[in-house]
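Student: Only the shape, not the letters, is given here:
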Ligand SMILES: C[C@H](O)[C@H](C)C(=O)SCCNC(=O)CCNC(=O)[C@H](O)C(C)(C)COP(=O)([O-])OP(=O)([O-])OC[C@H]1O[C@@H](n2cnc3c(N)ncnc32)[C@H](O)[C@@H]1OP(=O)([O-])[O-]
């Protein structure tokens with residue numbers, strides 16, 4: 001796990017623990033013993049520490065968390081470096097992170113390749129730097145930089161790290177060779193002043209104002225997420241406590257944090273995000289056996305909000321795009337939108353003006369579907385009506401080359417029905433982007449019963465290549481994301497009907513950590529989209545959406561949202577919705593008395609006497625209705641694992657990562673409690689079938705089965 005060799009007077013100690021040289025117990029022992037070896041070898045005048053393979057050590061081994069870390073710990077290795085009596089150089093390539101950077105900070109010198117990155121991302125897994133980082137970094141780069149890096153977990157490119165003296169020299173070429181040459185240059189120079197523990201933290205006199213400013217930012221950025229606050233305390237210890245006491249205090253805090261629900265949730269999310277690429281189809285085809293097709297040219301059909309967002313996501317990832325619209329007017333409007341989104345990307349420093357220019361030059365347009373006869377892949381993003389999509393797919397099937405893959409950005413409709421309008425159902429797949437598609441990272445990919453493993457492999461690979469988080473699910477109405485969101489938004493309406501205010505519900509869920517409450521989301525997305533599909537659905541059932549409708553298709557129904565739409569209150573785009581806005585398109589919102597009156601009239605017209613609704617009830621009805629649907633989605637095999645569902649909610653709806661996602665959240669609350677509460681609401685609301693408890697949840701709740709075993713146990717049931 002740790003290699004040692006000597007080159008002249010320089011000893012090289014190389015961590016060799018693929019894939020990312022995590023500092024597991026065995027690696028720490030190896031480092032410790034080889035440092036001893038170098039110390040005792042009189043021919044060794046200097047030491048280089050580096051990583052074999054793709055990176056310098058990226059930190060402690062996350063798999064080892066949850067148990068008390070065994071000695072030697074990272075600080076023990078650090079003390080060994082400090083007291084070695086010979087200069088030690090950290091030679092960094094790839095990513096020097098967490099405990100890896102801490103080891104480097106204990107070294108006397110640090111060099112790095114230009115594309116290397118360094119950081120202390122412990123906060124992202126609910127922890128703090130417990131290997132000396134919170135003590136050493138302020139002594140090297142100052143309190144301000146340490147606060148920013150440690151409370152955000154941001155990785156710094158080598159050039160920026162050099163600016164803050166974290167890196168002594170940015171070198172090119174072979175990092176080990178460069179490390180040895182650097183060692184030869186410093187082996188006879190005094191280096192005691194390089195031992196950071198003897199320095200005092202820069203900017204320590206402004207610790208108070210810096211701390212207050214950082215805590216204000218944390219309060220805004222991460223509601224209810226504790227780790228950043230603990231990180232601030234750990235850095236303050238670098239000023240308030242002597243070095244060793246600071247180390248010991250931070251170690252105690254680290255061990256407490258390790259046991260916290262938030263740390264467990266964030267570590268679950270870390271591995272969940274890495275497990276979603278390991279997909280498998282019911283037919284057995286999977287990520288390891290299926291080979292993605294090479295995609296060079298892509299066409300997007302529909303230049304509306306979604307079509308233009310998808311186009312920009314593809315263009316900014318270097319794909320040439322042929323944008324299609326039904327007429328020149330819509331097409332020109334679409335091209336203008338693409339241009340302004342690209343300009344917006346430059347303003348947000350997502351890419352340079354040069355890159356935006358390149359992207360824009362890779363855009364071509366047409367109103368003629370025939371022009372798609374040579375593209376490798378098509379993404380359809382037109383209105384959400386099945387008949388329109390069937391028409392387009394049957395035309396594409398005749399026009400596109402036989403091997404072309406046809407994708408639909410539908411967020412709800414059945415992929416098998418769309419595929420049935422072609423003679424190539426194996427090459428039809430859903431690629432559901434989230435609005436705004438050039439920003440939101442989630443890509444919900446939906447396979448139909450005839451979609452081939454190769455087609456799935458292609459869109460999963462495409463998702464990664466355009467910087468998205470692709471998750472694979474099966475087809476059903478609303479797939480995973482919207483199917484879980486539907487009962488939640490219905491419950492939000494029912495809660496208003498029964499006595500809560502929209503702003504009250506939004507506040508409860510924002511305090512919980514959601515980026516935006518359901519009524520603000522409705523106003524952002526535009527109430528008219530849902531209204532149109534409800535009217536379509538009613539038409540199909542020979543019904544009209546009337547004001548006093550309390551049941552729809554045998555299900556409890558609330559017509560409040562329809563009433564708002566009848567008044568043209570579609571949300572931000574019309575300047576009024578559940579809230580009123582300064583002007584159409586503005587985000588500046590305020591509570592609107594007209595809506596409060598409309599709600600009261602609605603209750604009066606239905607004879608509903610409003611009652612006091614607690615925060616607990618709002619949280620439970622909103623979250624548990626979605627969670628129950630999540631278990632049904634697992635039950636039906638639409639999602640293969642709870643990890644798939646949780647990553648969809650973290651990246652699609654901004655579910656607070658420090659809860660791990662709705663399914664992990666349920667496992668932390670306790671499945672029995674969740675199940676009992678769902679049964680309670682099922683009894684209270686018999687006309688809402690979404691409260692029918694999931695059988696899988698019932699079974700798992702009996703023994704409180706840990707989340708890691710749900711999929712396996714379900715497959716046996
Ligand atoms: C004392 C000290 O203060 C404290 C307490 C600590 O030090 S706490 C630890 C602090 N360090 C971190 O938080 C770094 C976490 N890792 C990353 O940010 C990224 O991994 C990466 C380094 C930027 C590479 O990204 P990538 O996209 O190129 O590959 P990957 O797919 O992500 O990772 C490739 C494979 O490596 C696995 N892996 C990555 N980091 C790991 C780690 N720290 N421990 C164990 N496994 C790890 C990962 O699960 C995947 O496995 P598999 O799925 O192939 O089986």
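Tutor: Cool, the structure landed. Just so it is clear, the structure is predicted and the values come from calculations on it, not from any experiment.
Student: Show me which residues of the chain sit near the ligand.
Tutor: Residues of the chain lying close to the ligand by CB under 6 Å from any ligand atom are 19-20, 22, 58-63, 74, 95, 97-99, 102, 121-122, 125, 127, 129-131, 133, 271, 274. To be clear about C-beta, it is placed using only N, CA and C from the backbone, and glycine gets the same treatment.
Student: Would you report which members of those residues are assigned to strands?
Tutor: Members of the residues of the chain next to the ligand lying in strands (criterion: DSSP state E): 95, 97.
Student: could you flag which of the residues of the chain next to the ligand are buried?
Tutor: For the residues of the chain next to the ligand, a burial check counting by 16 or more other CB atoms under 10 Å picks out 20, 22, 58-62, 74, 95, 97-99, 102, 121-122, 125, 127, 129-131, 133.
Student: In contact with residue 504, which residues?
Tutor: By CB atoms under 8 Å, 6 or more residues apart in numbering, the contact set of residue 504 is 613, 618.
Student: Kindly provide the distance from it to residue 515.
Tutor: Residue 504 sits 18 Å away from residue 515, taking CB to CB, to the nearest Å as the criterion.
Student: now residue 147
Tutor: As for residue 147, its distance to residue 515 is 24 Å (criterion: CB to CB).
Student: Counting neighbours, go ahead and name the busier of the two.
Tutor: residue 147 (27 against 13; other CB atoms under 10 Å).
Student: doesn't residue 212 make contact with the more buried one?
Tutor: No - look at residue 147 against residue 212 with CB atoms under 8 Å: they stay out of range, at 11.0 Å.
Student: residues in contact with the residue of the stretch 101-250 of the chain found nearest the ligand?
Tutor: Taking CB to the nearest ligand atom, the ligand has its nearest neighbour within the stretch 101-250 of the chain at residue 131, 3.6 Å off. Contact partners of residue 131, counting by CB under 8 Å, 6+ apart, are 60, 73-75, 78, 98-99, 102-103.
Student: Give me the phi and psi for it.
Tutor: Here the main-chain torsion angles of residue 131 (degrees, to the nearest 10) amount to phi -110, psi 20.
Student: ok, it to residue 19 distance?
Tutor: 21 Å.
Student: now swap in residue 152 and tell me
Tutor: Remark: distance between residue 152 and residue 19 (CB to CB) = 25 Å.
Student: and if you look at residue 492?
Tutor: Counting by CB to CB, the separation of residue 492 from residue 19 is 43 Å.
Student: so residue 668 touches residue 660, yeah?
Tutor: Yes - between residue 668 and residue 660 there is a contact under CB under 8 Å: 7.3 Å.
Student: who has more neighbours, those two?
Tutor: Taking other CB under 10 Å, residue 668 and residue 660 do not tie; residue 660 has more neighbours (30 against 16).
Student: shaky segments in this structure?
Tutor: Residue ranges of the chain with pLDDT under 70: 546-547, 717.
Student: The same query, at a cut-off of 90, please.
Tutor: Along the chain, the model assigns pLDDT under 90 to residues 66-70, 219-224, 348-351, 525, 529-530, 532-554, 703, 711-717.
Student: domain parsing for it?
Tutor: 2-259, 298-473, 500-606, 615-716 (automatic domain parsing).
Student: Adding distance to residue 286, write these out as TSV.
Tutor: Below are the domains of the chain laid out as TSV (distance: least, CB to CB, whole Å):
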stretch	distance to residue 286
domain 2-259	20
domain 298-473	7
domain 500-606	33
domain 615-716	10
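Student: how close does residue 17 sit to residue 79?
Tutor: Relative to residue 79, residue 17 is positioned 22 Å away (CB to CB).
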